[in-house]
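Build me a structure from this.
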Amino acid sequence: MPTPQPTPQDVPIREEPIRIGQFLKLAGLAEDGVHAREILEAGEVTVNGAPEHRRGAQIRRGDVVSVAGRSVRPA
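Numbers count the residues shown, from 1 in each chain. As a prediction, this is how the structure comes out:
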């Protein structure tokens, strides 16, 4: 039986799409742009369950971004 995933925390954004690097910083999942790049390159970030490595990837409201067991989504 799969482990239930916690409900993602909503993070308000002003405009969409938003670059994932910016969103990681806004959501508090990355300390700064360098940290965002490092965790993306290390394969620690997933978007809607798929690994994401591109710092400039565009995400939209409703996408679920996960890092180290914490999930957030732009709202």
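
alpha carbons only for contacts and neighbour counts from here, please
Fine.

Who are the packing partners of the biggest strand by length in the chain?
The longest strand of the chain (DSSP state E) is strand 70-74. Secondary-structure packing of strand 70-74 (3 or more C-alpha pairs under 8 Å, 6 or more residues apart in numbering; DSSP states H and E): strand 9-11, strand 65-67.

ok, and for the helix or strand hosting residue 46, which residues are buried?
Taking DSSP states H and E as the criterion, residue 46 maps to strand 45-47. By 16 or more other C-alpha atoms under 10 Å, the buried positions in strand 45-47 come out as 45, 46, 47.

And the residue nearest the centre of the chain, how far from residue 12?
Geometric centre of the chain, nearest residue: residue 65, 3.2 Å, by C-alpha atoms, centre = their mean. To residue 12, residue 65 is 13 Å away according to C-alpha to C-alpha, to the nearest Å.

Which residues are in contact with residue 48?
Going by C-alpha atoms under 8 Å, 6 or more residues apart in numbering, residue 48 touches 63, 64, 65.

isn't the second one right next to residue 72, touching?
Yes - A contact is recorded between residue 64 and residue 72 when judged using C-alpha atoms under 8 Å, the distance being 5.8 Å.

can I assume residue 25 is in contact with residue 32?
Yes - counting by C-alpha under 8 Å, residue 32 is a contact partner of residue 25 at 6.0 Å.

Toward the C-terminus, what is the element adjacent to the helix or strand containing residue 25?
Secondary structure here is read from DSSP H and E; on that basis residue 25 sits in helix 20-26. Using DSSP H and E, the helix or strand that directly follows helix 20-26 along the chain is helix 33-41.

and for that following helix, what are the contacting residues?
21, 22, 24, 25, 29, 30, 45, 52, 53, 54, 55.

Got a quick ChimeraX command for the buried subset of these?
Selection of buried members from the contacts of helix 33-41 for ChimeraX, criterion 16+ other C-alpha under 10 Å:
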select :21,22,24,29,30,45,52,53,55
